[in-house]
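1. predicted coordinates and the sequence they were generated for:
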Amino acid sequence: MSSRIEGLMFDVDGTLLLSDRTLGGYELLPGAIEVLTTLRDRAFPFVLLTNGSKYPPAEQAAKLRKAGLPVEDWQMITPSSVAAEHMSRRGMRRVLVLGGRGVGHALAEAGIETVYTEEPRAAEVEAVYVGWHPDCGMRDIETAAQAIWAGASLFSASNVPFFATRHGRTIGYSFAIVAAIRRLTRAPVTVMGKPSLHALRSVARRLRTPMCHLGVVGDDPLVEIIMARRAGATALAVTTGMTTGEEWLRQPERRRPHRVLAELREVLDCLPGGT
């Protein structure tokens with residue numbers, strides 16, 4: 001391990017559960033309830049960080065509780081909640097959201113005016129934020145481009161092309177939408193979700209723990225593991241999502257976890273005092 005773990009961050013899809021392609025139904029993975037319940041009973045700090053932006057954090061937490069996971073609202077972090085913190089600190093007041101109302105909910109709660117493509121003056125914004133948007137069309141792309149050409153900054157919930165579901169790999173909508181916008185505008189993009197350090201800093205603030213004392217549990221070498229490595233955190237890998245045990249062994253050092261967990265319950269062995 002890289003250092004003593006004082007707080008845990010769990011990925012959701014592929015680590016704790018497998019969702020369907022619509023993100024409406026969940027299949028919990030072995031050990032998920034047991035591990036989170038044990039952490040709760042020990043009062044050991046943990047949060048869940050998803051790259052999904054379809055639901056506001058509190059709504060996502062409620063869905064996971066209904067599925068059986070002991071997760072409080074404050075323990076659920078999404079790219080939109082990271083974006084709300086980031087944009088608020090930079091004084092951004094008006095943002096074009098490419099996504100459903102759930103994508104912009106955290107921004108609106110933070111006092112940021114959120115506008116959508118169909119609204120008047122939609123391109124007159126300080127930033128464009130792209131999230132879960134399966135119905136994205138050319139009008140959305142054009143409005144975002146017009147905003148960027150007028151000086152708006154581009155932000156994305158995720159830059160991950162695929163994530164694990166119970167039906168196999170599913171494409172990340174924000175990845176594809178941002179690719180189209182950038183092809184038009186050549187604008188740089190700031191990613192709010194994993195593997196961005198903006199996301200892990202948000203976790204560290206939430207848990208009041210330095211990033212180097214976080215344990216990051218995930219299934220993707222290009223997402224959770226590379227993020228943990230960049231921050232000096234402890235990278236713990238599962239084999240229930242995007243990556244098999246053999247594939248973990250073939251990873252280069254910067255994407256190699258400190259430990260591959262044969263089962264999720266082994267995360268408890270990595271904590272002070274063990275199981």
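-> On my side now, so go ahead. Numbers count the residues shown, from 1 in each chain.
2. can you pull up the most central residue in this protein?
-> By Cα atoms, centre = their mean, the chain has its centre lying nearest to residue 51, at 2.6 Å.
3. who's in contact with residue 223?
-> 11, 51, 160, 194-195 (Cβ atoms under 8 Å, 6 or more residues apart in numbering). For every residue, glycine as well, the C-beta is placed using N, CA and C.
4. now, the residues you listed that are in helices?
-> Using DSSP state H, no member of those sits in helices.
5. would you confirm that residue 265 contacts residue 31?
-> Yes. Under the criterion of Cβ atoms under 8 Å, residue 265 makes contact with residue 31 at 4.5 Å.
6. hang on, residue 190 is in a strand, isn't it?
-> Yes. According to DSSP: H, G, I helix; E, B strand; the rest coil, residue 190 belongs to a strand.
7. tell me who's in contact with it.
-> With contact set as Cβ under 8 Å, 6+ apart, residue 190 has these partners: 86, 153-156, 196, 198.
8. could you measure it against residue 157, distance?
-> Shown here: residue 190 relative to residue 157, a distance of 11 Å by Cβ to Cβ, to the nearest Å.
9. can you list the strands that the helix or strand of the chain with the lowest mean pLDDT pairs with?
-> Of the helices and strands making up the chain, the lowest-confidence element is strand 162-165, at a mean of 78, by mean pLDDT, DSSP states H and E. When pairing is defined by DSSP bridges, strand 162-165 lines up against strand 168-171 (antiparallel).
10. stretch 219-239: how far from the chain's middle?
-> Between the centre of stretch 219-239 and the centre of its chain there are 13 Å (Cα atoms, centre = their mean, to the nearest Å).
11. so how far does that stretch reach from one end to the other?
-> 6 Å (Cα to Cα, to the nearest Å).
12. what comes up buried for that stretch?
-> By 16 or more other Cβ atoms under 10 Å, the buried positions in stretch 219-239 come out as 219-229, 231, 233-239.
13. ditto for stretch 63-80
-> Neighbour counts over stretch 63-80 (16+ other Cβ under 10 Å) mark 63-64, 67, 69-71, 75-80 as buried.
14. restricting to C-alpha, output it in PDB.
-> Only the C-alpha atoms of stretch 63-80 are listed here, as PDB (Å, rounded to 0.1, in the frame of the first residue of the first chain):
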ATOM      1  CA  LYS A  63     -32.100   4.500  -5.500                       C
ATOM      2  CA  LEU A  64     -29.000   2.800  -4.100                       C
ATOM      3  CA  ARG A  65     -30.600   2.600  -0.700                       C
ATOM      4  CA  LYS A  66     -33.700   1.000  -2.200                       C
ATOM      5  CA  ALA A  67     -31.400  -1.600  -3.900                       C
ATOM      6  CA  GLY A  68     -29.900  -2.400  -0.400                       C
ATOM      7  CA  LEU A  69     -26.800  -0.300  -0.200                       C
ATOM      8  CA  PRO A  70     -26.400   1.700   3.100                       C
ATOM      9  CA  VAL A  71     -25.500   5.100   1.500                       C
ATOM     10  CA  GLU A  72     -26.500   8.500   2.900                       C
ATOM     11  CA  ASP A  73     -27.100  11.400   0.600                       C
ATOM     12  CA  TRP A  74     -23.900  13.200   1.600                       C
ATOM     13  CA  GLN A  75     -21.900  10.100   0.600                       C
ATOM     14  CA  MET A  76     -23.000  10.200  -3.000                       C
ATOM     15  CA  ILE A  77     -20.800  12.300  -5.300                       C
ATOM     16  CA  THR A  78     -21.500  12.800  -9.000                       C
ATOM     17  CA  PRO A  79     -19.600  14.800 -11.700                       C
ATOM     18  CA  SER A  80     -22.400  17.400 -11.400                       C
END
